[in-house]
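structure for this input, please:
(chains A, B, C and D)
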There are 4 protein chains.
Amino acid sequence: MHMTKKRVAVAGASGYAGGELLRLLLAHPEVEIGALTAASSAGKTLGSLQPHLLPLADRVLEPTNAETLAGHDVVFLALPHGESGPIAASLPDDVVVIDCGADYRLADAETWAKFYGTDHAGTWPYGLPELPGQRETLSGANRIAVPGCFPTVSTLALAPAVESGIVEPEVVVVAATGTSGAGKSSKPHLIGAEVMGNVSAYGVGGVHRHTPEIVQNLAGLVDGEVSVSFTPVLVPMPRGILATCSAKLASGVTAADARGVYEKAYGDEPFVHLLPEGQWPQTQAVLGSNAVHLQVAVDEAAGRLVVVGAEDNLAKGTAGGAIQCMNLALGLEEAAGLSTVGVAP
Amino acid sequence: MHMTKKRVAVAGASGYAGGELLRLLLAHPEVEIGALTAASSAGKTLGSLQPHLLPLADRVLEPTNAETLAGHDVVFLALPHGESGPIAASLPDDVVVIDCGADYRLADAETWAKFYGTDHAGTWPYGLPELPGQRETLSGANRIAVPGCFPTVSTLALAPAVESGIVEPEVVVVAATGTSGAGKSSKPHLIGAEVMGNVSAYGVGGVHRHTPEIVQNLAGLVDGEVSVSFTPVLVPMPRGILATCSAKLASGVTAADARGVYEKAYGDEPFVHLLPEGQWPQTQAVLGSNAVHLQVAVDEAAGRLVVVGAEDNLAKGTAGGAIQCMNLALGLEEAAGLSTVGVAP
Amino acid sequence: MHMTKKRVAVAGASGYAGGELLRLLLAHPEVEIGALTAASSAGKTLGSLQPHLLPLADRVLEPTNAETLAGHDVVFLALPHGESGPIAASLPDDVVVIDCGADYRLADAETWAKFYGTDHAGTWPYGLPELPGQRETLSGANRIAVPGCFPTVSTLALAPAVESGIVEPEVVVVAATGTSGAGKSSKPHLIGAEVMGNVSAYGVGGVHRHTPEIVQNLAGLVDGEVSVSFTPVLVPMPRGILATCSAKLASGVTAADARGVYEKAYGDEPFVHLLPEGQWPQTQAVLGSNAVHLQVAVDEAAGRLVVVGAEDNLAKGTAGGAIQCMNLALGLEEAAGLSTVGVAP
Amino acid sequence: MHMTKKRVAVAGASGYAGGELLRLLLAHPEVEIGALTAASSAGKTLGSLQPHLLPLADRVLEPTNAETLAGHDVVFLALPHGESGPIAASLPDDVVVIDCGADYRLADAETWAKFYGTDHAGTWPYGLPELPGQRETLSGANRIAVPGCFPTVSTLALAPAVESGIVEPEVVVVAATGTSGAGKSSKPHLIGAEVMGNVSAYGVGGVHRHTPEIVQNLAGLVDGEVSVSFTPVLVPMPRGILATCSAKLASGVTAADARGVYEKAYGDEPFVHLLPEGQWPQTQAVLGSNAVHLQVAVDEAAGRLVVVGAEDNLAKGTAGGAIQCMNLALGLEEAAGLSTVGVAP
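Now for the predicted structure:
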């Protein structure tokens, strides 16, 4: 007998994260798409805002509130940072609530206040199943905080090296990102003519809000302090992150050692893929997919390990990661509705 | 009882059309992917050439010949123009052979010779199911010529108007295309630095090889002559075609008349979608999807009907169209393995 | 003895047209840059808004009004449509006022009202020196309306054919444009993630405001009616327009005839260049330059002349054209401060 | 009395470096453009290869040899690496020869052999005038090796910090580059459809040929060893480099200290510009210009200095830097023919 499909709502269906959730949910065999809600776009058709979601084009967006979100098995929150708290509080405990925003990611209230400037909403189970023990935590969870796009790929790229001790826990991450990571907002520096043919850095010097999240993830793997120098770089493409991560090698570590550590860490992971030697990650290869591609190199002259990771910031970096968490929470196959096939060229 | 899956080979698996066929076939519920063949890339892994096709990364490309292609229910040919003939001749009659190249599209040998400069290989059933009577022709066919990318969207955009007589049969098509349409070939004008930040026209004045194919399609809908002025324009994106098509309106035709003609023509079509009034097609909305989005306008001052169509040149314009034909040929559901959901932004 | 430099103000220095005026004026040997004014950006440094204009980085923007614009020989208005009228009225008659906006382009008040919905400000000499007789009109003029970006290239591409009668006066123009043409405004459809990897049409069916301007230009060349079907297409690049223009050929006109007409028309023009046979215009070749590149083809089968023109919408299409007009108005060398060298790749 | 103009030849006029040299030389008041030479393109017009250089469109390329390059005051070599040696040897000693290739950049023959695999041609004065003492070395020099594009911006970004000792001499550089840096070559991974919408890393792990050049530059500033971890990242734009550079801060160094070091180092430099606090470099702002924009940040939590630099790889990174060197060699004004104004958007 076939299981009853799970009824899923998406709050924030007009934005990029919401759109990607719906794109993936439309291909998910075990779900039925319920309420689609929005703020200022409530009352509009989804087709007028997300014309790529043709099967849902005639659906009308409802306002985001406890009433419209009631009666679902799963509610995805794809809201601006700071808005998940109140709406989450209004949902029953037995509903699976998955927050794609930052509100419940950080464990430390003081760090939250420093980086976000508001009161800390709380801490939910962190939705990165590839971290040690995390898959078990997420199985059956009713509240899940989906990681940020940069922390997902940066953590996956660095965790095996940091945890195994083949590098010193002082890492440098420079991550090129497509502009959808900034959301569907009309900020002057995100206008097409400003971003095409242009590359710029922002949030330099440790002030980007994803910095403490990467620190938290890596610090959980070792005794003692971890330092993270993180610089995001805006590049002219809609989607994708390429993270170049490095750290000083521990004494005597060889290239073969490093490769071995990554093979062991990810050999059984469905969505993290260490490329064959000599092949380097590219974002196009993971576009629309839930896969992260990694490659490692040892720079003997500089004495550093360099790990490069490619991710689709909207897929594995947000919506795909969220659905992977949903699958675990509901006891479905972890890869249900998700793909490791990218759309290229 | 579940049907046995069909065994499918792809000749030309290293190129863009071949890659897109495989991307779509990986999601097709009724097929099993058999031989993958190539010319100069034979012996390499698919992963080294098409890193986005992760589930097939370890498959090794074989040479393209009758032996490697034997034993399949379906063989897709995704070869350079002119190369399909010999290999097609070597395949048994009861195998479904679907040619993504131009070799068997044109009915007129003289026109073929004029535009391609070689001997005419022949004429196969034309794989555009949305043309009148064509769906029936394709059902059960064993040889199918997939339309060119420009002819697909141009024909779909213009056929209802031309057939119904609301326009004079002298049409103008200017179609912007992403650069993947030129194939994965290292021509100097296709280098990244040449195409980014740049728009250019080519094949101007009726000399592009897709011109006679559009003429053939439209001429089949009316008595008398049809003229087509077709100009392709290369724009800085990997995929997608936006075709702006126009023709002089017949006397007395209103905007409502024109809309009515298109609603009637495509109301039941699964992959051709007339957008709501006021909404214009964009290529991003059909990226990776098998849908064509259309919109129509009547320019009263100029006395012309303008129809704009968006298509993914590699999907509905090549590989998706090819799989739609395969489904018809095999008696599967026409939409099996195909989607109307795009990948955006 | 060296002439005293002309003192020049730019109203609207924070926008794209204003920025390009300043980029070109910085290289102009006969001018001194005076007041830089803006609306909401008044009080900011130019460097914070236009970081590419390094020599002016510390200049502070003033509000746009009669006081700040007083005391200049030339005032460029680079303001949103509809805002030039009041400020122009406040400037002395003997100041050369050059409006980069639409306010004074159209001769017909009714057409203005239909397309812009406001009262007609008036009509100034039209700043396209390449039109017959227009160079004389502009020499010594104190008020000049700079043409729109699409009308400049479309008119230059079509005028010789229309005027000489080698085509029927019913023209079709499909013009691909970079997104800077829409100004530095944060409209949702102009966000980077919406325009990159995307092509869309807009203002379809004759409703774009540049349509009546093209009609006006071409109608001035012939007796009788002219019809223009104009469709702008937004493509993923910051700058540049490629216009594909066509019209039905008059009986008996050959390719050589057509080429001859264009050679004669533009042989002596400093900024309009007919490319050698076989070479087609591309926008990259005119980036930042004041040149327009043209090529013509005769499509015998379709019976149409096709003319393709490339222009930088911000340079010859706005700021460069404006400076060319200033040179004429001031009696300077027409090409002073302007270049036919593009920035490529 | 006006000086006689210097006669300048460009060997390799068909490529990107050659094209940019000519674009800049066309605007240089003190030079006359002489021979333009090429290899496989000899015999073609420059207009067919570099259509943006309209004033030189009819010039025919000659073969590159001692005869065609004879009779010039200056010869620029813009040739593939390894080809400068033989042609340089054939030119008289009193001709100023400026090599845009790598052949004469490295002082150490063993390092050359390790990274380039061929015999070392020799070492010429290194064309980065902003390095201590280098301006004097270049004044009157007859042989100059122009730095690589990555070393120019990376060295300028890091030199003040390394020399002053405010950081430890172990630096990490991750530099995003437009694709023109790879030259006008038709390599498969540089096809438009491969680079648009895509970001990838290459030469990871210290194997990129610009690594030893950065090491050499920084090592010249300090006693003792310098280590450089350098990763280039290919991004979808034609031109521009954004280098994100970091190193561990020495104990007690504040943000004000760091800013002071850079203000002192570059306060008088015409082409290196420290942006105002709070403003970050972007490549668009230096497109086509000879300026490098820098900004510095102190990351207290991570204990690192982060310096971001933007450069046009073809301008200051190659051709502009070469002309700056020519000006010094000839005793002209250092900034002659060069600009700090970028082309944006």
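
and stretch A:313-332, how far out from the chain's middle?
Relative to its chain's centre, stretch A:313-332 lies at 9 Å (CA atoms, centre = their mean, to the nearest Å).

using PDB, write out the CA atom coordinates for that stretch.
Provided in PDB are the C-alpha atoms of stretch A:313-332 (Å, rounded to 0.1, in the frame of the first residue of the first chain):
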ATOM      1  CA  ASN A 313      23.500  28.000  -3.100                       C
ATOM      2  CA  LEU A 314      19.800  27.600  -3.700                       C
ATOM      3  CA  ALA A 315      19.700  23.800  -3.900                       C
ATOM      4  CA  LYS A 316      22.000  22.000  -1.500                       C
ATOM      5  CA  GLY A 317      22.800  25.400   0.000                       C
ATOM      6  CA  THR A 318      19.200  26.100   0.900                       C
ATOM      7  CA  ALA A 319      16.200  24.300  -0.500                       C
ATOM      8  CA  GLY A 320      17.700  21.000  -1.400                       C
ATOM      9  CA  GLY A 321      19.400  20.800   2.000                       C
ATOM     10  CA  ALA A 322      16.000  21.700   3.500                       C
ATOM     11  CA  ILE A 323      14.300  18.800   1.700                       C
ATOM     12  CA  GLN A 324      17.000  16.400   2.600                       C
ATOM     13  CA  CYS A 325      16.300  17.400   6.200                       C
ATOM     14  CA  MET A 326      12.500  16.900   5.700                       C
ATOM     15  CA  ASN A 327      13.100  13.400   4.300                       C
ATOM     16  CA  LEU A 328      15.100  12.500   7.500                       C
ATOM     17  CA  ALA A 329      12.500  14.100   9.800                       C
ATOM     18  CA  LEU A 330       9.700  12.200   8.100                       C
ATOM     19  CA  GLY A 331      11.600   8.900   7.800                       C
ATOM     20  CA  LEU A 332      11.500   9.000   4.100                       C
END
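
can you mark which positions in that stretch are buried?
If you call a residue buried by 16 or more other CB atoms under 10 Å in any protein chain shown, then stretch A:313-332 has these buried ones: A:313-330, A:332. From N, CA and C alone the C-beta is placed, and that goes for glycine too.

before we move on, what about stretch A:82-100?
Judged by neighbour count using 16+ other CB under 10 Å, the buried positions of stretch A:82-100 are A:E83, A:S84, A:G85, A:I87, A:A88, A:L91, A:V95, A:V96, A:V97, A:I98, A:D99, A:C100.

could you do stretch A:160-169 as well?
Those would be A:P160, A:A161, A:V162, A:E163, A:S164, A:I166, A:V167, A:E168, A:P169, for stretch A:160-169 by 16+ other CB under 10 Å.

can I assume A:V296 is in contact with A:V307?
Yes. If you go by CB atoms under 8 Å, A:V296 and A:V307 touch, sitting 5.0 Å apart.

anything in contact with each of those two?
A:A161, A:Y262 (CB atoms under 8 Å, 6 or more residues apart in numbering or on different chains).

which of these two has more residues huddled nearby?
A:V307 (28 against 25; other CB atoms under 10 Å in any protein chain shown).

for the more buried one, phi and psi?
Here is the backbone geometry of A:V307 (degrees, to the nearest 10): phi -120, psi 130.

as a check, name the ranges of all helices in the stretch 1-150 of chain A.
Remark: helices assigned in the stretch 1-150 of chain A by DSSP state H, counting those that start in this stretch are A:16-25, A:46-49, A:66-69, A:84-89, A:109-116, A:134-138, A:149-164.

following the last one, which helix or strand comes up?
Pointing back at helix A:149-164 there. Per DSSP states H and E, the first helix or strand lying C-terminal to helix A:149-164 is strand A:167-177.

domain map for chain A?
Following automatic domain parsing, one finds the domains of chain A at A:6-145+A:316-330, A:150-313.

highest mean neighbour count out of these?
domain A:150-313 (a mean of 23; mean count of other CB atoms under 10 Å in any protein chain shown).

quick check: bridge partners of A:V308?
Assessed by DSSP bridges, A:V308 has beta-bridge partners A:T244, A:Q295.

for it, what are its contacts?
Taking CB under 8 Å, 6+ apart, we find A:V308 in contact with A:157, A:242-245, A:280-281, A:294-297, D:201, D:204, D:231.

one more pass at 6 Å, please.
A:V308 sits next to A:T244, A:P281, A:Q295, D:A201 when contact means CB atoms under 6 Å, 6 or more residues apart in numbering or on different chains.

double-check the third one against A:P276; I have them as touching.
If I follow you right, that is A:Q295. No. Counting by CB atoms under 6 Å, A:Q295 does not reach A:P276; the two are 8.8 Å apart.

so for D:G197, which of the domains of chain A sits nearest?
D:G197 sits nearest to domain A:150-313 of all these, at 4.8 Å, using CB to CB.

measure the closest one end to end?
One end of domain A:150-313 sits 8 Å from the other (CA to CA, to the nearest Å).

sec struct for A:E194, please.
helix (DSSP: H, G, I helix; E, B strand; the rest coil).

if we ignore the residues flanking it in sequence, what's nearest it?
Spatial nearest neighbour of A:E194, chain neighbours left out: D:P345 (5.9 Å); criterion: CB to CB, 6 or more residues apart in numbering or on different chains.

enumerate the residues of chain A near chain C.
Proximity of chain A to chain C, by CB under 6 Å from any CB of the partner chain, involves residues A:179-180, A:186, A:188, A:190-193, A:195-197, A:237-238.

any chance of the domains of chain A in TSV, plus mean pLDDT?
Putting the domains of chain A into TSV (pLDDT from 0 to 100) gives the following:
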stretch	mean pLDDT
domain A:6-145+A:316-330	97
domain A:150-313	97
